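Engineer: fold the following, please.
(2 chains)
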Amino acid sequence: MSSLAGNHLLSIEDLGADGLAEVLDFAESFSEVERRSVRKVPTLKGKVVASLFFEESTRTRLSFETAAKRLSADVLSLAVASSSVKKGESLRDTVETIDAMGIDAVVLRHRSAGAPHQVANWLSSARVINAGDGAHQHPTQALIDLLTVRQARAELVAQSSDGTGLRFLNDLEVLIIGDIRHSRVARSQILAYRLAGAKVRVAGPGTLLPASLDGFDVELVEDLDQALRSADVVSVLRMQEERGSGSFVPSLHEFTATFGMTTDRAALLKPGAVITHPGPMVRGVEIASAVADDPRCLVLKQVANGVPVRMAALYLSLSPSAVQDV
Amino acid sequence: MSEILFIHGGLLVRPDGTAQADLVVRDGVISEVGVGLSAPGGARVLDASGCWVGPGLVDLHTHLREPGGEEAETVASGARAAAKGGYTAVVAMPNTMPAADNAAVVAQVLTLGKATPIDVLPAGAITLGRAGERLAPMAEMAALGVTLFTDDGMGVQDSGLMRRAMQYAEGLGVTLAEHCEDEALAAGGCMNESALSARLGLVGRPGLAEEAMVARDLLLAEDTKCALHLLHLSTARSLALLNEARSRGVVVTAEVAPHHLTLTEDLCASFDTVYKVHPPLRSAADVAALREGLAKGSLDAVATDHAPHAPQAKDRPFDEAAPGMLGLETALALTIEALGGEGADPVRVFDVLSRTPARIAKLRAGDPRLSGLSSHGGDLSVGEDANLVVIDPSARPVVDPDRLQSRSRNTPYVGRTLAAGIRHTIATGAVVVLDGELVS
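Structural biologist: Below you'll find the predicted structure:
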């Protein structure tokens, strides 16, 4: 029972089941705004959202900035490549400088785990939305995945998923495959799916599993084919070459052969099962091109849900703790 | 000459037990010990009632940062912090900039140390620039009085080179002190490898990284007969390896840091970089094993690993922040806490904080010491150098970062109520700390 309203979004751990349901329901409402002719609401008029991306990202940054603009917030965007950070300024100084300009929220992407927690402590009053920190958390990506899966499950029984909370998620069996060790998406997904009541299983080579699974409420898959046959949702993770994932397996070819989402493996899925991928996909490595283009693969729907989910996160986080309807 | 001191009403802590007695210090040495003595004429009377009186503490592991890191600490500020913490001698780690890997830097630190009220004994580097590639001129440094050599901050990674260093050091009669962590296994990590590090997405430094090097060095010491001192052991399994080697007759000493006796890895969940240290904070089970090892004697000494850092070294993401925390001004109380708090045996407290470290650093009376350095870790007998500390075991000071003598503020113990306080520190007969305050 922990609402995002008025709070930071640093980790899925910050949300209770009710808080999770609340964000998903708000996101669904905001996707209605997306379908209007004037796709803008005055909700955050006069608020300033700073977008600080200390790590390369185009999609997530655009998605957050678009979300802030749709809510009529002013967006202050720090391009790290041309900033004082390159001149050796510390993270704390950068954050305190931005803070002194008067901001209401910071959207932060950083290659170091925990940076958003530290920034939240250094800021005077602004809210922090974690847009991905190292291998730790990427909460909005997990929220996007859950919303997308919820919509797909509702569609399966020809229902709307509006206002359905966690109802379409609580009996799912989710299988997460690949580089879990380096994946902030996996860490957020595991927490979010478990919070929703789903069962989570993970599969990957031993070197790409976290140093310990004891801190996660998941089951390690022993027979991948069997797990694929029973899964409702398969979350395929990207091989993160920038974090050196490649050196954890003998070759990408061998990884694809053992844990890639090939057409043969996709053929094992039961009817109604769906595949998610946080993007960007490395076709031919963790996912075969034909599978990426298969209608069961929800990747484009996930992208489409990016803006409304981030609108919901910004809106709730910047609300006083009691929220009104949109 | 220095004034006459009359230390009155305290419990003298000797190696074999405690006894109520008074003590007179004259000309920098203990001149009289006895029950019911009266103050000599003109003596300054130091009240020690309710207190333990013992030899000044000796730290085997202090980072004084000078030369090169003066914003974080200097020899002078570190010496003040040491005296405030009850220390009368510290061993200065060689990971300065430049490193103490030659006689010139060693001589500089010695000179700076002589300008402080306490004794500063520099340790030398094992390899040039602590780079782990070529041996540093150990004989040249030993000739200046260096007794301990270490690449601390890092272990010597190359097993062949470490073997060679031991063969060379054995001939010189000096001790090699190893920071045990295999960097390939530590993998650039920043906290203990565990279920928690996995959840936090932080790369872990597994206990295995420490234990593998402990095992290697114990075998090398067994073969070379070189005197080996293991720095800041932090895991139950390191301790088991140590005990196993001793049962085979390997001669080795080992220290533990106060933070490894009192803090656990859970604190890293806050991503507060004050808790980042190498070797990292471990599990509660490790802490329990280390406390038991300290009480039972398998760990010989408590050494602070006092590691001051300027704010900009710590106000960084957890994986980029500098490792290390302050130790000198809190170590005594934390050691008492680890040894059972109010039930702690004062004899053991002075064993692990003064007498054994003095033996390991060769700073006792009778050791062929460096000229100008006094003797430490004594029995409180007449004639020995008056390096003394008066500890109030009933004081309960609260750690206030603004009252630290260190130039840095990176203590993980802010707000903690300590299990004892330093009342007086006497360095070669001079009162350096009086009633808990530094004498200017």
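Engineer: pLDDT below threshold where in the stretch 251-400 of chain B?
Structural biologist: When residues are selected by pLDDT under 70, those of the stretch 251-400 of chain B lie in B:369-371.
Engineer: show me where it has its strands.
Structural biologist: For the stretch 251-400 of chain B, strands defined by DSSP state E, counting those that start in this stretch occupy the ranges B:252-256, B:301-302, B:388-392.
Engineer: list the contacts of the last one.
Structural biologist: This points to strand B:388-392. With contact meaning C-beta atoms under 8 Å, 6 or more residues apart in numbering or on different chains, strand B:388-392 is reached by B:7, B:10, B:23, B:25, B:30, B:46, B:48, B:50-57, B:86-88, B:332, B:354, B:380, B:420-426. Using the backbone N, CA and C atoms, a C-beta is placed for each residue, glycine as well.
Engineer: repeat that with 7 Å
Structural biologist: Strand B:388-392 is contacted by residues B:7, B:10, B:46, B:48, B:50-57, B:86, B:332, B:420-426 when judged by C-beta atoms under 7 Å, 6 or more residues apart in numbering or on different chains.
Engineer: list buried residues within those.
Structural biologist: The neighbour count (16 or more other C-beta atoms under 10 Å in any protein chain shown) marks B:7, B:10, B:46, B:48, B:51-57, B:86, B:332, B:420-426 as buried among those.
Engineer: mean confidence for the helix or strand harbouring A:Glu32?
Structural biologist: Following DSSP states H and E, one finds A:Glu32 within helix A:17-34. Helix A:17-34 comes out with an average pLDDT of 94.
Engineer: so for it, what gets flagged as buried?
Structural biologist: Under 16+ other C-beta under 10 Å, the buried positions of helix A:17-34 are A:17, A:19-31, A:33.
Engineer: so who does the residue most central in space within chain A touch?
Structural biologist: Nearest residue to the geometric centre of chain A (C-alpha atoms, centre = their mean): A:Gln141, 1.0 Å. Contacts for A:Gln141 (C-beta under 7 Å, 6+ apart) come out as A:Val185, A:Ser188, A:Pro278.
Engineer: try 10 Å
Structural biologist: A:60, A:63, A:131-132, A:183-186, A:188-189, A:192, A:276, A:278-279, A:302, A:306, A:309 (C-beta atoms under 10 Å, 6 or more residues apart in numbering or on different chains).
Engineer: would JSON lines of the strands of the stretch 251-400 of chain B with mean neighbour count be doable?
Structural biologist: Listed next are the strands of the stretch 251-400 of chain B as JSON lines, based on neighbours: other C-beta atoms under 10 Å in any protein chain shown:
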{"stretch": "strand B:252-256", "mean neighbour count": "23"}
{"stretch": "strand B:301-302", "mean neighbour count": "28"}
{"stretch": "strand B:388-392", "mean neighbour count": "27"}
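Engineer: can I get those strands in TSV with distance to B:Met154?
Structural biologist: Listed next are those as TSV, based on distance: least, C-beta to C-beta, whole Å:
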stretch	distance to B:Met154
strand B:252-256	17
strand B:301-302	21
strand B:388-392	32
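Engineer: near chain B, which of the contacts of A:Gln141 show up?
Structural biologist: Filtering those for neighbours of chain B using C-beta under 10 Å from any C-beta of the partner chain leaves A:Ser183, A:Arg184, A:Ala186.
Engineer: wait, what's in contact with the residue in the stretch 301-440 of chain B that chain A sits nearest to?
Structural biologist: Using C-beta to the nearest C-beta, B:Pro317 is the residue of the stretch 301-440 of chain B that sits closest to chain A, at 3.1 Å. Shown in contact with B:Pro317 (C-beta under 10 Å, 6+ apart): A:54, A:90-91, A:110-115, A:117-119, A:133-134, B:190, B:271, B:273.
Engineer: let's see 7 Å
Structural biologist: A:Leu91, A:His110, A:Ser112, A:Gly114, A:Ala115, A:Gln118.
Engineer: of these, grab the buried ones for PyMOL.
Structural biologist: The buried residues among the contacts of B:Pro317 can be selected in PyMOL (16+ other C-beta under 10 Å) with this line:
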select buried, chain A and resi 91+110+112+114+115+118
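Engineer: let me know the closest of the contacts of B:Pro317 to B:Glu265.
Structural biologist: A:Gly114 (13.9 Å; C-beta to C-beta).
Engineer: excluding its backbone neighbours, what's nearest that closest one?
Structural biologist: Leaving aside its sequence neighbours, A:Gly114 sits nearest to B:Phe271 (C-beta to C-beta, 6 or more residues apart in numbering or on different chains; 3.2 Å).
Engineer: the one you found: how many residues sit nearby?
Structural biologist: 28 (other C-beta atoms under 10 Å in any protein chain shown).
Engineer: low-confidence ranges in chain A?
Structural biologist: Looking at chain A by pLDDT under 70, you get A:1, A:81-87, A:321-326.
Engineer: again, only this time at 50
Structural biologist: Applying pLDDT under 50 to chain A flags residues A:323-326.
Engineer: and the strands in it, which stretches?
Structural biologist: Applying DSSP state E to chain A gives strands spanning A:48-53, A:74-79, A:105-110, A:127-133, A:173-177, A:199-203, A:219-220, A:233-236, A:274-276.
Engineer: burial check on residue 160, number of neighbours?
Structural biologist: If you meant another chain, say so; for now it's chain A. 10.
Engineer: please refer instead to chain B.
Structural biologist: B:Gly160: 8 neighbours (other C-beta under 10 Å).
Engineer: ditto for B:Gly366
Structural biologist: 7.
Engineer: residues contacting the closest residue to it other than its chain neighbours?
Structural biologist: Residue nearest to B:Gly366 in three dimensions, not counting chain neighbours: B:Ser375, with 7.7 Å by C-beta to C-beta, 6+ apart. Neighbour list for B:Ser375: B:Leu363, B:Arg364, B:Ala365, B:Arg369, B:Glu384, B:Asp385 [criterion: C-beta under 7 Å, 6+ apart].
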